[in-house]
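Enquirer: Below is the sequence, then the predicted model.
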Amino acid sequence: MAASASTTINFSTKPSHTSLSWKSHLSSSSAFAVAADSPIRSHRQYPRFVIFAMRAKPTVLVAEKLGEAGVNLLKEFADVDCSYNLTPEELCTKISLCDALIVRSGTKVSREVFESSGGRLKVVGRAGVGIDNVDLAAATEHGCLVVNAPTANTVAAAEHGIALLTAMARNIAQADASVKAGKWLRNKYVGVSLVGKTLAVMGFGKVGSEVARRAKGLGMHVIAHDPYAPADRARAIGVELVSFDEAIASADFISLHMPLTPATNKILNDETFAKMKKGVRIVNVARGGVIDEDALVRALDAGIVAQAALDVFTVEPPKDSKLVQHENVTATPHLGASTKEAQEGVAIEIAEAVVGALNGELAATAVNAPMVPAEVLSELKPYVALAEKLGRLAVQLVAGGSGVKSVKVTYGSARAPDDLDTRLLRAMITKGLIEPISSSFVNLVNADFTAKQRGLRIAEERSLLNGSPESPLEFIQVQISSVDSKFASALSDSGEIRVEGRVKDGIPHLTKVGSFEVDVSLEGSIILCRQVDQPGMIGKVGSILSEENVNVSFMSVGRIAPRKHAIMAIGVDEEPTKESLKRIGEISAVEEFVYLKI
Ligand SMILES: NC(=O)c1ccc[n+]([C@@H]2O[C@H](COP(=O)([O-])OP(=O)(O)OC[C@H]3O[C@@H](n4cnc5c(N)ncnc54)[C@H](O)[C@@H]3O)[C@@H](O)[C@H]2O)c1
Ligand SMILES: O=C(O)[C@H](O)COP(=O)(O)O
């Protein structure tokens, strides 16, 4: 049973990753970097990470226009080939002669590119934030590091958002086109004022908060919706965090700044447009996919949306001419990051990251996982999956409006504290906690950096168990403190959101939610449901799901005492419809429920 031994790591006290080196003096291909300062790590001395044997002078292919300062910086270290507008075939031909490739969003770095490189391509640099144009899985499989430049274009994107907001309100683009066409339509292009109007900033991250700050300067009343942003950061710039429904219902202007994730995909759709104030105006400099573009055309035609200003589209260049040609739409060709200053900043940021990586340094903005030695990975593999899934579950249990700041992870193990390297597990928990709510990509390389950047403090604790030290871990427990939960039963007696899991037969299982014992394999998705413990509940829920052809993969009931409260955990292979979830909620004995995507 659990005995003493606890160690705490506070992320905010850890030195920057950039102090670690990827260069190795040991020529092992099965190398692995461990946090030099981690008090919980293996007694084994892993050699540091080896990426490749360096050539005398590497070659860097710059496939899209990059700021001069960045190109000059690259030239000090490498042969630089600036070749723009390459066809996919030309890129595949050239790549076998290159050690690094730098792109923006316009070049697809596909699996074929990595395959064609013949193993020479070691680093892909994305001169910007989004890496949806880079096949990350293929990069990792080919041992190619991908780095990006996540901060240098924030202000440019925010300024473009404000430019679109003001241009839209005063019909600048439409009026300009009409004057150039020889017309003088002073009555047609009467605009609307911004001062005193309510702007809802959807996504209060790097770009969103800069937009909010600027809109306050224009005299607007700014509210924001971001389920994961800390209220104190919003308060500091005089912005009130509100629910999604409140934001869209009360806004005169809506500005989108959230990442494109399964949860935000088409978040503006027929249903949500119907909840908006008639005549609302919308700006999108985030990603096209957060709007259902057909629904936007309908909302524009119906006058629900008076105007839209769009920099990003689901498909770029956009194929839907109906949307782009709509007279109440202002469109720009993904120009958010396109200022001289941002492009210089991005160019320097990416050039430094690429040169650093080619020199064997560990990049703070790496977005894919480094290779981990096969024997370590095979032992930890099921726990790695468990760690990420517990992180994902825990963050989805957080109620909107609560900022996640403090997380405690407890590892239950019979192994001696120095015989278990938890760095990979911690990174995966961090990945699970952050990725569902952000545009950040988290891996072993950048987990601590990303957590620190977001003000997320992760404390680790060991619970030393009696028994066989054969398996590295008995359980992992993740607790989030100082937050409300959308599923009150997930709160422990001391008020933290608590989930705990174990690996059974190689498969991660959820074994505890709050104070309730459950047992459900962490595959597919889960419905958690608290009900009065009485006969027939499993059947009632099961038949609602079967009517929808939703396959139940696992079901377990945990209860405090017979005929009192029970928690039912139901694993489902398909996503239940909103209607069927509503019907589950309407079963009289059901007290609360939540649907969680793993
Ligand atoms: N148009 C351009 O050229 C351009 C330039 C830079 C960034 N971007 C895009 O802008 C977006 C924001 O970038 P960033 O750098 O500010 O990212 P960020 O990660 O700093 O901020 C994103 C914020 O969205 C929040 N969020 C997550 N899910 C949400 C939800 N369901 N509802 C509301 N908020 C949610 C997160 O908590 C986070 O605070 C990204 O989509 C990025 O790709 C576009
Ligand atoms: O993801 C980004 O950084 C922005 O969308 C900018 O993309 P760009 O580099 O193609 O302008």
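Expert: Nice, I can see it. Ligands and ions are numbered 1, 2, ... in the order given.
Enquirer: Which residues of this protein lie near ligand 2?
Expert: Arg104, Ser105, Gly106, Ala127, Gly128, Val129, Gly130, Asn153, His334, Gly336, Ala337, Ser338 (Cβ under 6 Å from any ligand atom). In short, each C-beta sits where N, CA and C put it, glycine included.
Enquirer: From those residues, pick the one nearest ligand 1.
Expert: Proximity of these to ligand 1 (Cβ to the nearest ligand atom) peaks at Gly336, which lies at 2.4 Å.
Enquirer: do the helix ranked longest in the chain and ligand 1 meet?
Expert: Secondary structure of the chain per DSSP state H: the longest helix is helix 374-396. No: legend: contact between helix 374-396 and ligand 1 by Cβ under 6 Å from any ligand atom is lacking; minimum distance shown is 10.2 Å.
Enquirer: which intervals of the stretch 301-450 of the chain have sub-threshold pLDDT?
Expert: The stretch 301-450 of the chain contains residues with pLDDT under 70 at 320, 362, 369-377, 401-402, 445-446.
Enquirer: Can you show me the strands along it?
Expert: Taking DSSP state E, counting those that start in this stretch as the criterion, the stretch 301-450 of the chain contains strands spanning 305-310, 329-331, 406-413.
Enquirer: Of those strands, flag the one that's most buried.
Expert: Highest mean neighbour count among those (mean count of other Cβ atoms under 10 Å): strand 305-310, with a mean of 24.
Enquirer: Dump the strands of the stretch 301-450 of the chain into CSV; add distance to ligand 1 as well.
Expert: Shown next, in CSV, are the strands of the stretch 301-450 of the chain (distance: least, Cβ to the nearest ligand atom, whole Å):
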stretch, distance to ligand 1
strand 305-310, 10
strand 329-331, 12
strand 406-413, 15
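Enquirer: returning to what we had before: tell me the buried residues in the longest helix of the chain?
Expert: Going by neighbour count (16 or more other Cβ atoms under 10 Å), the buried part of helix 374-396 is 376, 380, 382-396.
Enquirer: In contact with the closest residue to Thr410 other than its chain neighbours, which residues?
Expert: With Cβ to Cβ, 6 or more residues apart in numbering as the criterion, Thr410 has its nearest non-adjacent residue at 4.2 Å, and that residue is Gln477. Residues counted as contacts of Gln477 (Cβ atoms under 8 Å, 6 or more residues apart in numbering) are Val409, Thr410, Gly412, Arg498, Val499, Glu500, Lys512.
Enquirer: Equivalent analysis for Tyr411, please.
Expert: Neighbouring residues of Tyr411 by Cβ under 8 Å, 6+ apart: Ile40, Leu420, Thr422, Leu425, Glu460, Glu461, Arg462, Ser463, Leu473, Phe475, Ile476.
Enquirer: Equivalent analysis for Asn153, please.
Expert: Gly128, Val129, Gly336, Ala337, Ala342, Gln343, Gly345, Val346.
Enquirer: Out of the residues you listed, list just those in helices.
Expert: Per DSSP H, the contacts of Asn153 map to helices at Ala342, Gln343, Gly345, Val346.
Enquirer: Touching, the last one and Val129? I think so.
Expert: Same thing as Val346. No: under the criterion of Cβ atoms under 8 Å, Val346 makes no contact with Val129, lying 9.1 Å away.
Enquirer: Just want to know which of the two has more residues nearby.
Expert: Remark: of Val346 and Val129, Val346 carries more neighbours, 28 against 24, as counted by other Cβ atoms under 10 Å.
Enquirer: surely Val499 meets Pro508?
Expert: No: Val499 lies out of contact with Pro508 (Cβ under 8 Å); the separation is 11.4 Å.
Enquirer: Closest one to Arg186 out of the contacts of Gln477, please.
Expert: Nearest to Arg186 among these, counting by Cβ to Cβ, is Val499 at 61.9 Å.
Enquirer: In PyMOL, how would I select the buried members of the ones in helices among the contacts of Asn153?
Expert: Selection of buried members from those for PyMOL, criterion 16+ other Cβ under 10 Å:
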select buried, resi 342+343+345+346
